[in-house]
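Got a predicted model here, sequence first, then my questions.
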Amino acid sequence: MLAFCSLALMFASTGCNTTPQKVAYQSAGTAVVSVDTAMNLWGAYVAANHPPAAQEQAVKNAYEKYQTAMALACDAGAVYAATSVTNSASSSQASLALQQAITNANAELLDLENLLTQLGVKL
Amino acid sequence: MNPALLALIVSLIEEAVKVAPGVAEDLKLIFENPSPVPADWEALRAKVLAKSYADYVPASALPPENVVKLSAPVVTPPATETPVVAKPEAIQTAVETPNPQNPAPEPSPAIAAAAPVTAYLPDGSPNPAYVHPA
């Protein structure tokens, strides 16, 4: 039920009165929440199963790559939010940069969550 | 957005709301924001960077990263280039050791005549050739 509500909320937000920036912000915010959950599940998995250090290192690397990518996306979002009021050429460039940064961050998120799934975490 | 990623995110959100009810409130705030301003993005960025791997995994077997070093760092002076100098002993030896194959030449008579006349001979007796200066 909650999954349905979340999906409905996400799709509803892409309506005609929704700016690209708002969609990007919602996407980023949702990703942040889901990574937080995934990492908490990984912490519980480590406490219960004590996986090899190499596996932990792989997850740590993936998490830090995601953090970097998402921080860059937030930087791009702040730039776009600051320039969007001018509706100038720099605003459209900032919009493209934000979309690209969100795509990169989502790719890192997917890598992290695929890795956790492969290692046996039930997401 | 990739459908697989979307499905994964939705399942994670569902799990998050079960574990931490505050997550639903966070999401509500995100989705109800009519127009994010730079401060909203900066707050999200701070949230992303707020937790390190060690915060999520307290039972981690990985070594901690932020260890405070109690000892002062070892300061090594910068390397200086030592000039290459010929050994003085070698030079001295070359000067002092006579080469039997190539003996030192005898001073010419002119040089010998120009040599200063001392008041006493090497055996200590007065030198008859010595003339006291006026």
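Happy to help now that I have it. Residues are numbered from 1 along each chain as shown, chains lettered A, B, ... in the order given.

and the gap between the nearest residue to residue A:110 once chain neighbours are set aside and residue B:54?
The spatial neighbour of residue A:110 that comes closest, neighbours along the chain excluded (Cβ to Cβ, 6 or more residues apart in numbering or on different chains), is residue B:5 at 5.0 Å. All C-beta atoms are positioned from the backbone trio N, CA, C, and that covers glycine. Applying Cβ to Cβ, to the nearest Å, the value for residue B:5 to residue B:54 is 27 Å.

neighbour-wise, which of those two wins?
Taking neighbours as other Cβ atoms under 10 Å in any protein chain shown, residue B:5 and residue B:54 compare with residue B:5 leading, 18 against 14.

Confirm that one sits in a helix?
Yes. Counting by DSSP: H, G, I helix; E, B strand; the rest coil, residue B:5 falls inside a helix.

how about the helices in the chain?
Since you didn't name a chain, this refers to chain A. A:2-12, A:20-49, A:53-83, A:89-118 (DSSP state H).

To clarify, I was referring to chain B.
B:3-19, B:22-32, B:38-50, B:53-56, B:88-96, B:109-114.

tell me which helix or strand of chain B sits lowest on mean pLDDT?
In chain B, the helix or strand scored least confidently by mean pLDDT, DSSP states H and E is helix B:88-96, which has a mean of 51.

isn't residue A:58 right next to residue A:115, touching?
Yes. Under the criterion of Cβ atoms under 8 Å, residue A:58 makes contact with residue A:115 at 6.3 Å.

Low-confidence ranges, chain A, go.
A:1-18, A:87 (pLDDT under 70).

Would stretch A:67-82 count as contacting chain B?
Yes. Stretch A:67-82 reaches chain B (Cβ under 8 Å from any Cβ of the partner chain) through A:67, A:70-71, A:74-75, A:77-79, A:81-82.

Setting aside sequence neighbours, what's the nearest residue to the residue sitting nearest the centre point of chain A?
Per Cα atoms, centre = their mean, the C-alpha nearest to the average position across chain A is that of residue A:31, at 3.3 Å. Using Cβ to Cβ, 6+ apart and skipping the chain neighbours, the partner closest in space to residue A:31 is residue A:109 (5.2 Å).

looking at it, the one you found is touching residue A:36, isn't it?
No. Using Cβ under 8 Å, residue A:109 is not in contact with residue A:36, being 11.2 Å away.

Which residue of those two possesses the greater neighbour count?
residue A:109 (27 against 21).

residues contacting the more buried one?
Residue A:109 sits next to A:31, A:34-35, A:66, A:70, B:5, B:9 when contact means Cβ atoms under 8 Å, 6 or more residues apart in numbering or on different chains.

Of the helices of chain B, which is nearest residue A:101?
In terms of Cβ to Cβ, the element of the helices of chain B nearest to residue A:101 is helix B:38-50, at 10.9 Å.

What are the buried residues along the closest one?
By 16 or more other Cβ atoms under 10 Å in any protein chain shown, the buried positions in helix B:38-50 come out as B:38, B:40-41, B:43-45, B:47-48.

Perfect, I'm done here.
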